[in-house]
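A.B. asks: need the 3D shape of this:
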Amino acid sequence: MKISLQILGGVALALIWAGANALPTRADDKPPVNTEPRVSLVPFSPGGQKPEVDKSSEGRKVMDDPEQIASGKQLFSAMNCNGCHFNGGGGMGPPLMDNIWIYGDSIENIAASIREGRPNGMPSFRGIVPEEQVWQLAAYVRSLSHPASANAAANQQGK
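C.D. replies: As a prediction, the model looks like this:
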């Protein structure tokens, strides 16, 4: 009987201690705001190689070209980018239609993300997707958050 009272007393103390730690928080306690760390725009490359971020005119050439954007849209669908980015609205992958870009929204940064991949899910397509298609994809992705640029390109083509 003595042993069972000791066990019962220990269990009671454990329950009291657990209950005290589970008290609700005060109403004035606020949840942290945006606890995700911001990532610098330093290019990332798997395997330790420094990536080649193209600052040439290639990105500028395709960025406002409606034909290149349309080709990028077809590639986006064919490569199942929709599976993670849900037509640009975000899903498992980040949204592409807003103004919040972890790695920057320049066409060079978008192409680098496609080419090199990014931590926590974005695979590297270096050597898998030809460079021309990387730029087409980047042009389409950029057009999702910069519709004015895509519309201007379409209007220029119509003239």
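
A.B. asks: does Val62 touch Gln136 like I think?
C.D. replies: Yes - counting by Cβ atoms under 8 Å, Val62 touches Gln136, with 6.3 Å between them. The way it works is simple: take the backbone N, C-alpha and C, and place the C-beta from them, glycine included.

A.B. asks: joint contacts of the two?
C.D. replies: Gln68, Ile69 (Cβ atoms under 8 Å, 6 or more residues apart in numbering).

A.B. asks: now the helix or strand hosting Gln133: mean pLDDT?
C.D. replies: Counting by DSSP states H and E, the element that carries Gln133 is helix 131-145. For helix 131-145, mean pLDDT rounds to 93.

A.B. asks: show me what counts as buried in it.
C.D. replies: Buried residues in helix 131-145, defined by neighbour count with 16 or more other Cβ atoms under 10 Å: 133-145.

A.B. asks: just the angle for the host helix or strand of Ile114 relative to helix 131-145, thanks.
C.D. replies: Taking DSSP H and E as the criterion, Ile114 maps to helix 107-116. Relative orientation of helix 107-116 versus helix 131-145 (axes from the mean of the first three to the mean of the last three Cα atoms, to 10 degrees): 120 degrees.

A.B. asks: thinking again about what came up before, in JSON lines: the buried residues of helix 131-145, plus distance to Arg115.
C.D. replies: Below are the buried residues of helix 131-145 laid out as JSON lines (distance: Cβ to Cβ, whole Å):
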{"residue": "Gln133", "distance to Arg115": "11"}
{"residue": "Val134", "distance to Arg115": "6"}
{"residue": "Trp135", "distance to Arg115": "10"}
{"residue": "Gln136", "distance to Arg115": "13"}
{"residue": "Leu137", "distance to Arg115": "10"}
{"residue": "Ala138", "distance to Arg115": "9"}
{"residue": "Ala139", "distance to Arg115": "14"}
{"residue": "Tyr140", "distance to Arg115": "15"}
{"residue": "Val141", "distance to Arg115": "13"}
{"residue": "Arg142", "distance to Arg115": "15"}
{"residue": "Ser143", "distance to Arg115": "18"}
{"residue": "Leu144", "distance to Arg115": "18"}
{"residue": "Ser145", "distance to Arg115": "19"}
